[in-house]
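**Student:** For reference, the sequence and a predicted model appear below.
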Amino acid sequence: MRWFWIDRITHLEKGKTARAVKNVSLAEEHLHDHFPSYPIMPPSLMIEGMAQTAGILAGSTVDFKTNIILAKVSKATFHRLVRPGDQLVFEAELVESRAEGHRTETRVTVDGELVAESSMMFVNLNSGPDNLGMFVFTDALMQLLRECPDIDMGPSARRAGDDE
């Protein structure tokens with residue numbers, strides 16, 4: 001990933017569920033684009049947060065050894081606006097996993113209140129000499145995952161050259 005839309009992964013159960021948080025700050029320029037005097041979080045960026053959380057969950061099923069990309073947002077529903085000061089909690093559940101891809105259900109809450117929900121599909125891309133390399137699960141993303149104290153990533157999160 002070129003940029004992260006989530007601040008922290010707080011839960012990852014390999015192949016089952018994931019949770020991440022994003023703190024919405026008035027300092028974020030994109031909040032001022034929709035309504036000049038009424039800053040809100042654009043729904044498209046909430047979809048990005050859901051996709052990143054669900055993509056990490058899908059990646060856990062293949063030990064982060066394959067690029068996983070978003071193929072389709074089947075459904076996205078938004079229930080309320082998100083404002084500066086809110087903390088978004090992204091939750092993802094793996095509904096189906098196959099060799100070619102994954103289906104997930106995601107939701108966003110603020111203080112326990114449902115803000116948005118979606119159904120997403122991801123596809124596995126093989127990484128190898130004919131592809132672009134590991135452009136999703138980059139060293140920077142794997143470092144973010146390793147820094148989460150409550151997540152045991154096991155051998156899948158080891159850096160290249162680490163002892164087995």
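**Tutor:** The structure has been received and is ready for your questions. Residues are numbered from 1 along each chain as shown.

**Student:** next helix or strand past the lengthiest helix in the chain?
**Tutor:** As far as residue count goes, and with DSSP state H defining each element, the longest helix of the chain is helix 43-60. Toward the C-terminus, helix 43-60 is succeeded by strand 67-78 as the next helix or strand (DSSP states H and E).

**Student:** helix or strand right after that following strand?
**Tutor:** The C-terminal neighbour of strand 67-78 among helices and strands, as given by DSSP H and E, is strand 87-97.

**Student:** What score does the spatially most distant residue from the centre of the chain have for pLDDT?
**Tutor:** Of all residues in the chain, the one whose C-alpha sits farthest from the chain's mean C-alpha position, using CA atoms, centre = their mean, is Ser37 at 29.4 Å. According to the prediction, Ser37 has pLDDT 87.

**Student:** circling back to that earlier point, just the CA trace of the longest helix of the chain, in PDB.
**Tutor:** Taking C-alpha atoms only, helix 43-60 is exported to PDB below (Å, rounded to 0.1, in the frame of the first residue of the first chain):
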ATOM      1  CA  PRO A  43     -17.700   8.200   2.500                       C
ATOM      2  CA  SER A  44     -15.200   7.100  -0.100                       C
ATOM      3  CA  LEU A  45     -12.400   7.300   2.500                       C
ATOM      4  CA  MET A  46     -14.400   5.200   4.900                       C
ATOM      5  CA  ILE A  47     -14.600   2.600   2.100                       C
ATOM      6  CA  GLU A  48     -10.800   2.800   1.900                       C
ATOM      7  CA  GLY A  49     -10.500   2.100   5.600                       C
ATOM      8  CA  MET A  50     -12.800  -0.900   5.400                       C
ATOM      9  CA  ALA A  51     -10.900  -2.200   2.300                       C
ATOM     10  CA  GLN A  52      -7.500  -1.900   4.100                       C
ATOM     11  CA  THR A  53      -8.800  -3.600   7.200                       C
ATOM     12  CA  ALA A  54     -10.500  -6.400   5.200                       C
ATOM     13  CA  GLY A  55      -7.500  -6.700   2.900                       C
ATOM     14  CA  ILE A  56      -5.200  -7.300   5.800                       C
ATOM     15  CA  LEU A  57      -7.600  -9.900   7.100                       C
ATOM     16  CA  ALA A  58      -7.600 -11.600   3.600                       C
ATOM     17  CA  GLY A  59      -3.800 -11.400   3.400                       C
ATOM     18  CA  SER A  60      -3.500 -13.300   6.700                       C
END
